[in-house]
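Asker: I'd like to go over a predicted model; first the sequence, then the structure.
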Amino acid sequence: MEIEFGNAEALDTAGSGWFIGFGDWTRSADPEVGHLRFLPREALAQGLQVKWMAHPAHDPRGTGKPCSEGRTISLLVSERGCFRLEFSPDPSFSPSSLVRHTLSQHGDFVIWGPGVHHRWFVDQACTILTIRWTPCEESPCLELKVP
């Protein structure tokens, strides 16, 4: 499973602040993760979605999520909060394949790739920014026609 955890403020972005995109600093040093935060300058993407969600504590909406397509990043944007995520390659969330991570500090993020099942739990009220997109190398994009 391609999953990367981090904190946007703690990443070395070569002073730019950009932590997703075409800069070399967006490439993960972990070969198991791949390069989820990297997208070549000339690459196309489709299906951009952006969600801003203020979650109350114990928000019940975190289960029954579909299998991931493309890439998704969830980022804790509130100053406080506790947002737990669980990931699995199979929809039954078998304990032997489960990966857990908690977003608890301002700027904490988790990014995951296609084919990953996820669910979340809100232990303390928080606001999460989630962005989803599909790089064309992961899914065929429509050919752009310029008049």
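Answerer: Structure received.

Asker: where exactly do the helices run in this structure?
Answerer: Under the criterion DSSP state H, the chain carries no helices.

Asker: which residues of it score low on pLDDT?
Answerer: Within the chain, the stretches with pLDDT under 70 are 29-34, 138-147.

Asker: Quick test: name the residue nearest the centre of it.
Answerer: Centroid check for the chain by CA atoms, centre = their mean gives Ile73 as the closest residue, at 1.9 Å.

Asker: That one: what's it in contact with?
Answerer: By CB atoms under 8 Å, 6 or more residues apart in numbering, the contact list for Ile73 reads Ile20, Arg37, Phe109, Val110, Ile111, Thr130, Ile131, Arg132. Using the backbone N, CA and C atoms, a C-beta is placed for each residue, glycine as well.

Asker: can you do 7 Å?
Answerer: For Ile73, the contacting residues are Ile20, Phe109, Ile111, Thr130, Ile131, by CB atoms under 7 Å, 6 or more residues apart in numbering.

Asker: For the second one, name its beta-bridge partners.
Answerer: In this case it means Phe109. Gly6, Leu75 (DSSP bridges).
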